[in-house]
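K.L.:
the following comprises the amino acid sequence and a computationally predicted model.
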2 protein chains.
Amino acid sequence: MDTIDVRILSELQKDSRLSIRELAKRINLSAPSVAERVRKLEDKGIIEGYTIKINRKKMGFPIDCFVLITTRNGEHERIRQLVADDPRVELCYRISGDACFIVKLSVETLDQIESFINKLTPYATTRTQIAFSQVRVDADVGRLMFDQN
Amino acid sequence: MDTIDVRILSELQKDSRLSIRELAKRINLSAPSVAERVRKLEDKGIIEGYTIKINRKKMGFPIDCFVLITTRNGEHERIRQLVADDPRVELCYRISGDACFIVKLSVETLDQIESFINKLTPYATTRTQIAFSQVRVDADVGRLMFDQN
DNA sequence: GTTGAAAGACACCATCC
DNA sequence: GGATGGTGTCTTTCAAC
């Protein structure tokens, strides 16, 4: 992982459909060497996949919220499965502190938050926070590596 | 937005580098009509961009945490800017509840969590939770639209 | 890591259903 | 709304350096 790799990642993060040629042009390297670097980044698992950013709001899921889940009686595994099976869950982490999991939901209506919580309440308590606005998404990987503050 | 659009989104979510040809083959439609649908999804802003999933752990940022930020004296704007300028912030939302913002950080060392918090403490109080493991990332958009539970 | 060539895949357009 | 076929461009890949 050197500067060139980071620049490759940064460009692909901005546009994953760049051709190897175009990518090579942007970072002033030949196409074959860029191709090899990209392949290695994939093999190492640093590039986990090529995907699109989907605007869930515009797809009809305008409400985002965070739910902190505190499991009762060690029912972690059950909660984990309920969460992992629900497509409205955008992300979920096991965390330290008094809660056990943090979940981000995106839903069509407030009702769906209620039904999500109801699904969990036999096994856990929950605290829900509605997200008003998004301050930030995904930092540029170039800045992550080079801006030290 | 019909079934076909959702299938297009689902396929592109799995692999954004699919050519229009290949995409058309997978959903049994002709290339020109798929191209037009994709263009419209872009124009509507449902497809926000084409990007890569980067494994931050493998890039040397093994620690994830969530920080709940409670602003003092209405210093919201200052906090917003500090957060938005920091590349280690993966996401940040303004939320309801007793905290004002929730932030997800990914860092190289615990020290960096401390320095992030120190940056904020003149204007806010914080509660930090370390993320142990990731239970779930990004649901398939097909399931989001069609699995109703 | 670079260059150049060859084979193949691609998007796009016009046309038609 | 969707399908087909032709054209010219751009692509990746490979060998040689």
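P.N.:
Perfect, thanks for sending it.

K.L.:
okay, which residue is most central for chain A?
P.N.:
Nearest to the mean C-alpha position of chain A, by C-alpha atoms, centre = their mean, lies residue A:91 at 6.4 Å.

K.L.:
OK, contacts around it?
P.N.:
A:103, A:104, B:134, B:136, B:137, B:138 (C-beta atoms under 8 Å, 6 or more residues apart in numbering or on different chains). Every C-beta, even on glycine, is put in place using the N, C-alpha and C of the backbone.

K.L.:
most surrounded residue in the residues you listed?
P.N.:
Highest neighbour count within these, by other C-beta atoms under 10 Å in any protein chain shown: residue A:103, with 25 neighbours.

K.L.:
dump the contacts of residue A:91 to a markdown table, plus distance to DNA strand D.
P.N.:
Converted to a markdown table, the contacts of residue A:91 look like this (distance: C-beta to the nearest atom of the strand, whole Å):
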| residue | distance to DNA strand D |
| --- | --- |
| A:103 | 36 |
| A:104 | 33 |
| B:134 | 31 |
| B:136 | 32 |
| B:137 | 26 |
| B:138 | 25 |
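
K.L.:
turn those residues into CSV, including secondary structure.
P.N.:
Compiled in CSV, the contacts of residue A:91 are given as follows (DSSP: H, G, I helix; E, B strand; the rest coil):
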residue, secondary structure
A:103, strand
A:104, strand
B:134, strand
B:136, strand
B:137, strand
B:138, coil
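
K.L.:
go through the residues you listed and name the one nearest DNA strand C.
P.N.:
Nearest to DNA strand C, judged by C-beta to the nearest atom of the strand, of the contacts of residue A:91 is residue B:138 at 23.7 Å.

K.L.:
how many neighbours does the nearest residue to the closest one once chain neighbours are set aside have?
P.N.:
Leaving aside its chain neighbours, residue B:138 sits nearest to residue A:90 (6.4 Å; criterion: C-beta to C-beta, 6 or more residues apart in numbering or on different chains). Using other C-beta under 10 Å, residue A:90 has 19 other residues around it.

K.L.:
can you check residue A:108 too?
P.N.:
Applying other C-beta under 10 Å, we find 15 residues neighbouring residue A:108.

K.L.:
what does residue A:121 give?
P.N.:
When neighbours are defined as other C-beta under 10 Å, residue A:121 has 10 of them.

K.L.:
so what pLDDT did it get?
P.N.:
pLDDT for residue A:121: 97.

K.L.:
who touches the residue sitting furthest away from the middle of chain A in this structure?
P.N.:
Distance from the C-alpha centroid of chain A peaks at residue A:30, with 32.0 Å (C-alpha atoms, centre = their mean). Residues in contact with residue A:30, defined by C-beta under 8 Å, 6+ apart, are residue A:24.

K.L.:
state the distance from it to chain B.
P.N.:
21 Å (C-beta to the nearest C-beta, to the nearest Å).

K.L.:
repeat for residue A:109
P.N.:
Using C-beta to the nearest C-beta, residue A:109 is found at 12 Å from chain B.

K.L.:
leaving out the residues flanking it, which one is nearest to that residue?
P.N.:
Leaving aside its chain neighbours, residue A:109 sits nearest to residue A:63 (7.2 Å; criterion: C-beta to C-beta, 6+ apart).

K.L.:
test my guess that the one you found contacts residue A:113.
P.N.:
Yes - using C-beta atoms under 8 Å, residue A:63 is in contact with residue A:113, at 7.3 Å.

K.L.:
hey, what's in contact with both of those two?
P.N.:
residue A:107.

K.L.:
the residue nearest to the centre of chain A: which element?
P.N.:
Using DSSP states H and E, residue A:91 falls within strand A:89-95.

K.L.:
what's the mean pLDDT across that strand?
P.N.:
Mean predicted lDDT for strand A:89-95 stands at 97.

K.L.:
likewise for stretch A:5-22?
P.N.:
The average pLDDT within stretch A:5-22 is 98.

K.L.:
ranges for the strands of chain A?
P.N.:
Here chain A has its strands, by DSSP state E, at A:47-54, A:63-71, A:89-95, A:101-107, A:124-137.

K.L.:
same list, those, but as JSON lines with distance to DNA strand C please.
P.N.:
What follows is these, written out as JSON lines (distance: least, C-beta to the nearest atom of the strand, whole Å):
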{"stretch": "strand A:47-54", "distance to DNA strand C": "14"}
{"stretch": "strand A:63-71", "distance to DNA strand C": "33"}
{"stretch": "strand A:89-95", "distance to DNA strand C": "29"}
{"stretch": "strand A:101-107", "distance to DNA strand C": "29"}
{"stretch": "strand A:124-137", "distance to DNA strand C": "27"}
